[in-house]
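Colleague: attaching a predicted model along with its sequence, questions to come.
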Amino acid sequence: MKQQGGNFIHRMNVRSSQQPRLHPRLVVVEVNRYDAKEVQKLLSMTPAPNTSVSIEVMEAIRGKKQLYCQAVDTKTWADFERIALPDATMVYKHADGRIVTNVLEGQDSSQPYKFDSRDDVVAFFKTLLGPLQTVHLVDSGSFERISDDEVRAVFVMIAHSGLSTESKYGHSISGGQYHDVYKMVNGEWFLKSLEYVMSYQRL
């Protein structure tokens, strides 16, 4: 491409359909009339940021999410030190934005599921899940890089819970999405924030 006057001329080789055996002939094609400054502006535009996440990072974060589910289901609360940062925030919401206040019929609804530290959520779960049997299942997740040391992850989840002393009543099935942010600290990924949005529940 070269400039002639105010126009940009693009040269390309095309083969004449009427003379297929002749050498390609040079055809000059005039393209849209862009001002030289406008062309330079287009060429210098900043490319979209790269938000891709490596397989190694995705697998590390998936491992943390699996450990979260296992810690809740087996009530191994000490594992939360390997999962979340001390100041990790966690909130559990309904699809309409209301904060969850109960997961079983007859449960105390005075405590909103919103926590400002790892210790707060562990203390609450110890009381809430003590009499319950639970199983949490998550998918493989989707990932987006926020910065060199932070990644956003979304996991679809389904959970079953029920009283360990009652097989007929007090059972719940729920499902939704975990919207997590993980942060790299000393070479390891930790949960920085969690927002669970419950899109399905049957008590």
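Modeller: Happy to help now that I have it.

Colleague: domain-wise, how is this protein divided?
Modeller: Dividing the chain into domains by automatic domain parsing, as the record does, gives the ranges 2-43, 55-202.

Colleague: pick the most buried one from those.
Modeller: Of all the domains of the chain, domain 55-202 carries the top mean neighbour count, a mean of 16, counting by mean count of other C-beta atoms under 10 Å. Heads up, the C-betas are built off the backbone N, CA and C, glycines and all.

Colleague: circling back to that earlier point, nearest to Pro49, out of the domains of the chain?
Modeller: domain 55-202 (8.5 Å; C-beta to C-beta).

Colleague: I'd like the domains of the chain as JSON lines, with distance to Pro49 and mean pLDDT appended.
Modeller: Below are these laid out as JSON lines (distance: least, C-beta to C-beta, whole Å; pLDDT from 0 to 100):
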{"stretch": "domain 2-43", "distance to Pro49": "19", "mean pLDDT": "54"}
{"stretch": "domain 55-202", "distance to Pro49": "9", "mean pLDDT": "93"}
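
Colleague: where along this structure do the helices fall?
Modeller: 36-43, 55-74, 80-83, 118-129 (DSSP state H).

Colleague: right, and those helices - which one's nearest Ile99?
Modeller: Of all the helices of the chain, helix 118-129 sits nearest to Ile99, with 12.9 Å by C-beta to C-beta.

Colleague: hang on, the earlier thing: reformat the helices of the chain as a markdown table; add distance to Tyr196.
Modeller: Compiled in a markdown table, those are given as follows (distance: least, C-beta to C-beta, whole Å):
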| stretch | distance to Tyr196 |
| --- | --- |
| helix 36-43 | 43 |
| helix 55-74 | 11 |
| helix 80-83 | 14 |
| helix 118-129 | 11 |
